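> no FASTA, just this:
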Ligand SMILES: Nc1ncnc2c1ncn2[C@@H]1O[C@H](COP(=O)(O)OP(=O)(O)OP(=O)(O)O)[C@@H](O)[C@H]1O
């Protein structure tokens, strides 16, 4: 397993949000974390990234105990993160936003990798534009490009299609598929859109009220599970 979690518990103050959560992420696969609003999907990703403290449990990445490492160290180990809402810097240029991603490279390289522009030609055309002037879809490409600037081995994306036009959603799906299937990145994403999840991911994990209630190969995500845990 590239990433492996056992018995994870997390609290916001008194509020117990993740409950004894186990999750296994095999190398080279694309795993989709699913579940209704508020079940703890974003919380889980933030625990993996070191942005939230964990009360108990274990997270191992390539056998290393992640919980002992700072968020910066986790990025340096090759875990890239595309947060919910993209969180690009609106007043900085596209180039400056990409350079911020470079900061976590352990090799100290300061050039933006060419592959980012090969994947997202629009970013090269818009290098001098402010992030805030980009469309939602372009901002999502920028957020993914910024995460790729560290050459991650594991890419974690939180609802990459949220608030994005349908035709661009398909394009984002193509990019994630390429990153996973052609370029060999292991991907973990949170996604609510079922057709997108089925097209892009090959494994699923369903959360319900902070517990992992079902997981396995995407083909196993049947109508019963969808009805019980995903439809609103
Ligand atoms: N900073 C916080 N302080 C207190 N409670 C929080 C905080 N962030 C989230 N929560 C609560 O924790 C629970 C899980 O939230 P989380 O955002 O992880 O869910 P989610 O599955 O990602 O939902 P969504 O799909 O709406 O983003 C929710 O009940 C939410 O209200």
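Cool, the structure landed. Not measured: the values here are computed from a predicted model.

> ok, now how distant is the closest residue to residue 158 other than its chain neighbours from residue 63?
The spatial neighbour of residue 158 that comes closest, neighbours along the chain excluded (Cβ to Cβ, 6 or more residues apart in numbering), is residue 84 at 3.9 Å. No exception for glycine: its C-beta is placed from N, CA and C like everyone else's. Using Cβ to Cβ, to the nearest Å, one obtains 29 Å as the distance from residue 84 to residue 63.

> of those two, who's got more company?
Looking at residue 84 and residue 63 with other Cβ atoms under 10 Å, you find the greater number of neighbours at residue 84, namely 15 against 8.

> secondary structure class for the more buried one?
For residue 84, the secondary structure call by DSSP: H, G, I helix; E, B strand; the rest coil comes out as coil.

> wait, isn't it in contact with residue 160?
No - under the criterion of Cβ atoms under 8 Å, residue 84 makes no contact with residue 160, lying 9.1 Å away.

> who in the protein is up against the ligand?
With Cβ under 6 Å from any ligand atom as the criterion, the chain meets the ligand at residues 12, 15, 17, 35, 37, 38, 39, 40, 41, 42, 43.

> Which of those are buried, as a ChimeraX select command?
One line in ChimeraX is enough to select the buried members of these, burial here meaning 16 or more other Cβ atoms under 10 Å:
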select :17,35,39,40,41,42,43
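
> wait, which of the residues of the chain next to the ligand is closest to residue 191?
Looking at the residues of the chain next to the ligand and their distance to residue 191, the nearest is residue 41, at 9.1 Å (Cβ to Cβ).

> Give the phi and psi angles for that closest one, as a check.
phi -60, psi -50 (degrees, to the nearest 10).

> change the start of the numbering to 57 and stick with it
Right, with 57 as the first residue, what we last looked at is residue 97.

> Find the nearest non-adjacent residue to it, please.
Taking Cβ to Cβ, 6+ apart, and ignoring the residues beside it in sequence, residue 97 has residue 246 as its nearest neighbour in space, at 4.4 Å.

> So the one you found is in contact with residue 104, correct?
No - between residue 246 and residue 104 no contact is recorded; they are 11.1 Å apart, counting by Cβ under 8 Å.

> Roughly how far does residue 267 sit from residue 210?
Look at residue 267 and residue 210: by Cβ to Cβ, they are 23 Å apart.
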